[in-house]
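Chemist: here's my sequence, what's the structure:
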Amino acid sequence: MFKRFFKKEEPRSKDELELISFVLKKFAYRPQNLSYFLEALTHRSLSNQDDISYSNERLEYLGDAILDAVIAELLYLRFPNEDEGYLTKIKSKVVSRKTLSEIAEALDLKSMIRYHKGRTINISTLEGNAFEALIGAIYLDGGFDAVKKTINHHIFRKYADLNKILEEEIDFKSRLFIWCQKSRLQLEFVVLKEENIQGNWQYEIEVYINEKSYGRGMGNSKKGAEQAASKETLILVGEID
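Modeler: Numbering: from 1, shown residues only. Model (predicted):
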């Protein structure tokens, strides 16, 4: 059984070494203060049992905020031309309960979580919450740069396909942007027509990739025309049917 706090000078127990190995393998991070990680993997159903007076709820709260900050920065840099509302919408897709639960399942967190097995508990929720708590633990143990590196360069590369998540959830324009970004192609939307006919605006927009014309689209707003042009372009390049 783990102890709440550990002293560096004491030899590591088998359980302690197992915990270090798990975090190192799954998160590419070597823990220093193991008590943070033990807490992150302890569900509240064990509180006040076996002399355990803590749970991972506070670390889950912290991890949720840190994960939001890391993903917000990633999307801010990835979509330089989109507004706040768009970025907020996309962030909600990336850090959804569904996505976090899938990541936690891929990490096999349930094999390490301590909880009262005699109670009816949703394992998927349990894992998703523990994942956020472990993000909080890494932040406290190693700082923001360490947790950002773990999320951006390990978690979303090994356990979740960020591009696939975005492609499944977001609109045609963003799917086209991601496709061009992956292939390092220059994307440009050119307004061919912008006119007001009896109080109704009409726009026609053409997509250029590496200065070569592709799809065209029309709509009563620039965004609508961009969506139509992007959809036609994705069909032309074989990304959608």
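
Chemist: break the chain down into its domains, please.
Modeler: Each domain of the chain is listed here as a residue range: 14-165, 172-236, per automatic domain parsing.

Chemist: what's downstream of the one helix or strand in the chain whose mean pLDDT sits lowest, the next helix or strand?
Modeler: Least confident helix or strand of the chain, by mean pLDDT, DSSP states H and E, is helix 162-169 with a mean of 70. Using DSSP states H and E, the helix or strand that directly follows helix 162-169 along the chain is helix 172-182.

Chemist: would you mark the buried spots in that next one?
Modeler: Residues of helix 172-182 classed as buried by neighbour count (16 or more other Cβ atoms under 10 Å): 172-180. Heads up, the C-betas are built off the backbone N, CA and C, glycines and all.

Chemist: which other residues reach it?
Modeler: Contacts with helix 172-182, where a contact means Cβ atoms under 8 Å, 6 or more residues apart in numbering, come from 78-79, 82, 90, 163, 166-167, 186-187, 207, 209, 223, 226-227, 230-231, 233-234, 237, 239-240.

Chemist: can you tell me which of the buried residues of helix 172-182 lies closest to Y203?
Modeler: K173 (13.6 Å; Cβ to Cβ).

Chemist: quick revisit: now the contacts of helix 172-182: which count as buried?
Modeler: The neighbour-count test (16+ other Cβ under 10 Å) applied to the contacts of helix 172-182 identifies 78-79, 82, 90, 166, 187, 207, 209, 226-227, 230-231, 233-234, 237 as buried.

Chemist: strands - which of those land there?
Modeler: 187, 207, 209 (DSSP state E).

Chemist: please name the residues that touch the first one.
Modeler: Pointing back at L187 there. When contacts are taken as Cβ under 8 Å, 6+ apart, L187 is in contact with 176-177, 180, 207-209.

Chemist: in this structure Y36 contacts A133, no?
Modeler: No: contact between Y36 and A133 fails when scored by Cβ atoms under 8 Å: they sit 9.1 Å apart.

Chemist: more neighbours: which of the two?
Modeler: Between Y36 and A133, counting by other Cβ atoms under 10 Å, A133 is the more crowded of the two (29 against 21).

Chemist: which strands and helices lie in contact with the strand or helix carrying the more buried one?
Modeler: For A133, the enclosing helix or strand under DSSP H and E is helix 123-142. Where contact means 3 or more Cβ pairs under 8 Å, 6 or more residues apart in numbering; DSSP states H and E, helix 123-142 is packed against helix 14-27, helix 34-40, helix 57-78, helix 97-107, helix 144-150.
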